[in-house]
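Trainee: what's the 3D shape of this:
(one chain, ligands or ions: 2)
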Amino acid sequence: MRIVLHWFRRDLRLTDNKALHAASRRAELVVPLFVLDDRLLQAPDAGAPRVAFLLDSLHALARELEGTGSRLVVRRGDPVREVLDVARAVGAEAIFVNDDYAPYGRRRDAAVRAGAAAAGLAFHGHADLVLVEPHACVKDDGTPYTVFTPFARRWRAVEKAPPVARPVLRALPDGLLRRAGGVPLPDGAGAFGLTLESRIEPGGAAQAERRLDAFVRDHVLAYRSTRDMPALDATSHLSAHLKFGTISPRTVYARVAEAIGGRALAQLDPQKPARPLDGPTTRRLAEAGTFLNELCWREFYQAILFHFPHVATSAFQEGFRGFAWPEQDERLVTAWRDGRTGFPIVDAAMRQLAQTGWMHNRLRMVVAMFLTKTLLVDYRVGERIFMQRLVDGDLAANNGGWQWSASTGTDAAPYFRIFNPLSQAKKFDPEGEFVRRWVPELRDVPASLVHEPSREPMLLASTGYPPPCVDYAERRARALALLAPRARRA
Ligand code: FAD
Ligand code: FO1
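Mentor: Ligands and ions are numbered 1, 2, ... in the order given. Predicted coordinates:
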């Protein structure tokens, strides 16, 4: 009987899983494996919310596999050793994985591939994490894009593969399971010395499907108009699911395409502004097209990390490498982290993050610009804190977002673009509904003052909410003076 191994990493689902599907076609028996990797689980940037989401998703996957008669084999240790050991123990002839583009995963997979070759086993990597692989979305001369707009133009033109069928998996004989060995799945992040303090998104493929259904039903056709208003909560909340693969980007893309009647998505250009005379069909296309553009941003940052792995530790732009961000006052970082800066929109967003492990995209940009260009703190400090707190924390997207905000990145905001937290708050939370939801001290403050309660010192004192931790105008001037010479050299 032919036996192969499917090694799950960030593809924690059975449906529309390219490598798992290929494995099930190759052999009579597929042994499903996950390796708990302490280098990832106890890394300084691993936080309780994400580890809890991962474990929740693994439990869901294990239950789903049991439903098919199969079983999830769980090992804990060095993945190179564990994967090869399970393959040997069960007599597998090949190892199937879905490719990853992050530096650690690439090194790990290269080592397993080499070990497999030495042991006479095949190692098959599949393109599953993204709709268009990084090396398939390059310029005509084969060099990578570093600017989003031309990347997106090419990305849209590439035909997207449809979802693949759910595989038929056979029950694993007891003897084989015994030989595979393994450890029980830990219940929670506590097993890795982490304490969960937020109410996070539940994991698992069924929850991802529920999120997608609700988003397609209620929000996608108005996405462009509503996505920037945090109080409306009108985005998909699929980020952690896409991070850990409890849903595939092909499934998400196909469902949205279906919702807009399977239109020629290649021709959609979500960056074109809607025109007043556009009919309802064009408008619906533009609304949903903007969502597909976000999937493209996700793949742009995966491609940047793949082609320019140095971004993981230093600025993309040469002019910012070695730049010493001036602020060393730990109290300012603590105030930012804990949502006590005295800038209500920043504090509301940071409290949303602390309490739920998620933050609205518009506010991720606001708080990231605030930390770097108002508090003048190194973007890597914020990047790390985000990774520790985000349930969707993903090296490529997080680093891309931080370097964009700090103006050190590929297609970054120009250094002189500094989101003013007050104008952002007035524009995107006009009634202060979002701020009041997360900053209860300001619950009874009228809309005219909710974003700047310090204008009325008596009122501010009565709320217990802190005054602004810095003078915004003074800091803005300093930021411009500091960043300009670097940006010119970039
Ligand atoms: P939706 O608006 O519904 O978007 C759909 C999907 O598209 C998301 O789930 C995500 O996979 C992708 N996406 C959307 N916007 C972006 C973007 N700007 N860059 C890359 N992918 C995007 N996203 C992460 O998944 N992980 C992170 O660690 C992360 N860190 C960020 C840090 C900063 C400073 C910034 C500015 C953005 C960051 N983002 C990150 C991108 C974005 O904020 C989140 O993907 C989004 O808020 C998740 O909510 P959603 O699933 O409802 O998004
Ligand atoms: N993948 C694994 O195969 N094993 C793990 O234990 C594991 C933990 C983990 C924790 C946080 C996180 O954000 C991701 C995690 N992943 C884990 C997935 C990881 O992104 C992939 O393994 C990548 O291939 C690593 O580059």
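
Trainee: neighbours around Phe96, how many?
Mentor: Residues lying near Phe96 (other CB atoms under 10 Å) number 26. In this view, the C-beta of every residue, glycine as well, is placed from N, C-alpha and C.

Trainee: please apply the same query to the one 3 residues further on.
Mentor: Burial of Asp99 is recorded as 21 neighbouring residues (other CB under 10 Å).

Trainee: what about the residue nearest to it when sequence neighbours are not counted, distance to ligand 2?
Mentor: Counting by CB to CB, 6 or more residues apart in numbering, Gly125 is the residue found nearest to Asp99 once chain neighbours are left out, at 4.4 Å. For Gly125, the distance to ligand 2 (CB to the nearest ligand atom, to the nearest Å) stands at 11 Å.

Trainee: what's across from Gly125 in the sheet?
Mentor: Beta-bridge partners for Gly125, by DSSP bridges, are Val97.

Trainee: tell me the contacts of the residue in the stretch 351-490 of the chain that ligand 2 sits nearest to?
Mentor: For the stretch 351-490 of the chain and ligand 2, the shortest gap (CB to the nearest ligand atom) falls at Gly393, measuring 5.7 Å. Counting by CB atoms under 8 Å, 6 or more residues apart in numbering, Gly393 touches 45, 47, 50, 243, 386-387.

Trainee: what of Tyr465?
Mentor: 342, 344, 439, 441-442, 453.

Trainee: need the residues that contact stretch 43-52.
Mentor: Residues outside stretch 43-52 that contact it (CB under 8 Å, 6+ apart): 40-41, 188-189, 192, 194-198, 200, 240, 243, 357, 384, 387-393.

Trainee: just confirm yes or no for whichever strand or helix holds Leu292 near ligand 1.
Mentor: Following DSSP states H and E, the helix or strand that holds Leu292 is helix 280-307. Yes. Counting by CB under 6 Å from any ligand atom, ligand 1 is contacted by helix 280-307 at 294-295, 297-298, 301.

Trainee: picking up where we left off before, between the contacts of Gly393, which is nearest Ile3?
Mentor: Lys243 (30.2 Å; CB to CB).

Trainee: avg pLDDT for the strand or helix carrying the closest one?
Mentor: In the assignment (DSSP H and E), Lys243 maps to helix 239-244. Confidence for helix 239-244, expressed as mean pLDDT, is 98.

Trainee: one more: stretch 396-415?
Mentor: Mean pLDDT, stretch 396-415: 93.

Trainee: can you tell me if that stretch touches ligand 2.
Mentor: No. Judged by CB under 6 Å from any ligand atom, stretch 396-415 and ligand 2 are separated, with a smallest distance of 9.9 Å.

Trainee: buried by neighbour count: which residues of that stretch qualify?
Mentor: Going by neighbour count (16 or more other CB atoms under 10 Å), the buried part of stretch 396-415 is 396-413, 415.

Trainee: now do the buried residues in the helix or strand containing Val83.
Mentor: For Val83, the host element (DSSP H and E) is helix 79-90. Residues 79-80, 82-87, 90 are the ones in helix 79-90 that count as buried (16+ other CB under 10 Å).

Trainee: out of these, which is nearest to Ala312?
Mentor: Looking across the buried residues of helix 79-90 and measuring by CB to CB, the closest to Ala312 is Pro79, at 19.0 Å.

Trainee: the closest one and Val112, how far apart?
Mentor: 7 Å (CB to CB, to the nearest Å).

Trainee: equivalent analysis for Gln355, please.
Mentor: 38 Å.

Trainee: neighbour count: the two, which is higher?
Mentor: Val112 (23 against 15).

Trainee: wouldn't the more buried one be in contact with Asp85 here?
Mentor: No. Between Val112 and Asp85 there is no contact, the gap being 11.1 Å when judged by CB atoms under 8 Å.

Trainee: still on that earlier bit, packing partners of the helix holding Leu292?
Mentor: helix 148-157, helix 223-226, helix 249-259, helix 395-406 (3 or more CB pairs under 8 Å, 6 or more residues apart in numbering; DSSP states H and E).

Trainee: neighbouring contacts of stretch 112-122?
Mentor: Contact with stretch 112-122 is made by 7, 79-80, 83-84, 87-88, 92-95, 123, 125, as judged by CB under 8 Å, 6+ apart.

Trainee: averaged pLDDT, it. What do you get?
Mentor: Taken as a whole, stretch 112-122 carries a mean pLDDT of 98.

Trainee: how far does it sit from its chain's centre?
Mentor: Taking CA atoms, centre = their mean, to the nearest Å, one finds the center of stretch 112-122 at 31 Å from the center of the full chain.

Trainee: mind listing what's buried in that stretch?
Mentor: For stretch 112-122, burial by neighbour count (16+ other CB under 10 Å) applies to 112-113, 115-116, 121.
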